[in-house]
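**Q** task: produce atomic coordinates for the following.
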Amino acid sequence: MKWAALIASSTVVILCVAFVAALTLYPPFLLWWELIGLNVTAPERDAKIALARGRPVCYSINAYASYFPGVEGDENIRFCEANGKNFVGTSDLIVSEWHSRLMREAENYATVFNSHIIQHRPSNQ
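**A** Numbering: from 1, shown residues only. Prediction:
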């Protein structure tokens, strides 16, 4: 009886771990997780907070190659490369409609956020 309970509970634990591992490797889930804590309706507010804290970052999107939406010019691109944060789960391979919607949301957020950071970053950075 004890062995049956041990085997059953071990099986449940293994299945739970496998389920969580599968979710964390699924690009839409990863991107959704990245966007959870961000103010996607007002990215400029998040940018103002990042600047006020002295931690300006630029968000990059993975497509054929990684790029920074809303950032132009070599100097600005270098700044973003040095202070970049990648949206994990973005890709040129869209696996579902949900993933497509999240990709658009991430790109829109990054465009507004990055533009605000570039326009308002201190000149010494």
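**Q** buried residues in stretch 90-98?
**A** Judged by neighbour count (16 or more other C-beta atoms under 10 Å), stretch 90-98 contains these buried residues: Thr90, Ser91. Where you see a C-beta, it was placed from the backbone N, CA and C, and this is true even at glycine.
**Q** run through the protein and note the low-pLDDT ranges.
**A** Low-confidence segments of the chain (pLDDT under 70): 1, 5-6, 8, 13, 15-25, 124-125.
**Q** which strands and helices sit next to the strand ranked longest in it?
**A** Across the chain, the longest stretch assigned as strand under DSSP state E is strand 58-62. Packed against strand 58-62, as judged by 3 or more C-beta pairs under 8 Å, 6 or more residues apart in numbering; DSSP states H and E, are the following elements: strand 66-67, helix 74-82, strand 84-86, helix 97-120.
**Q** could you dump those into CSV and include distance to Glu34?
**A** Shown next, in CSV, are the helices and strands packed on strand 58-62 (distance: least, C-beta to C-beta, whole Å):
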stretch, distance to Glu34
strand 66-67, 14
helix 74-82, 17
strand 84-86, 9
helix 97-120, 7
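**Q** so which of those is nearest Val12?
**A** Val12 sits nearest to helix 97-120 of all the helices and strands packed on strand 58-62, at 28.0 Å, using C-beta to C-beta.
**Q** return the closest one as CSV; C-alpha atoms alone will do.
**A** The C-alpha trace of helix 97-120 is given here as CSV (Å, rounded to 0.1, in the frame of the first residue of the first chain):
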residue,chain,number,x,y,z
GLU,A,97,-3.0,33.6,-33.0
TRP,A,98,-2.4,34.4,-29.4
HIS,A,99,1.4,34.5,-30.1
SER,A,100,0.7,36.9,-33.0
ARG,A,101,-1.3,39.2,-30.7
LEU,A,102,1.3,39.2,-28.0
MET,A,103,4.0,39.9,-30.6
ARG,A,104,2.1,43.0,-31.8
GLU,A,105,1.6,44.1,-28.2
ALA,A,106,5.3,43.7,-27.4
GLU,A,107,6.4,45.5,-30.5
ASN,A,108,3.9,48.4,-29.8
TYR,A,109,5.1,48.6,-26.2
ALA,A,110,8.8,48.5,-27.2
THR,A,111,8.3,51.2,-29.9
VAL,A,112,6.7,53.7,-27.5
PHE,A,113,8.9,52.8,-24.5
ASN,A,114,12.2,52.9,-26.5
SER,A,115,11.3,56.2,-28.2
HIS,A,116,10.6,57.8,-24.8
ILE,A,117,13.9,56.5,-23.4
ILE,A,118,15.9,57.7,-26.3
GLN,A,119,14.3,61.2,-26.3
HIS,A,120,14.7,61.7,-22.5
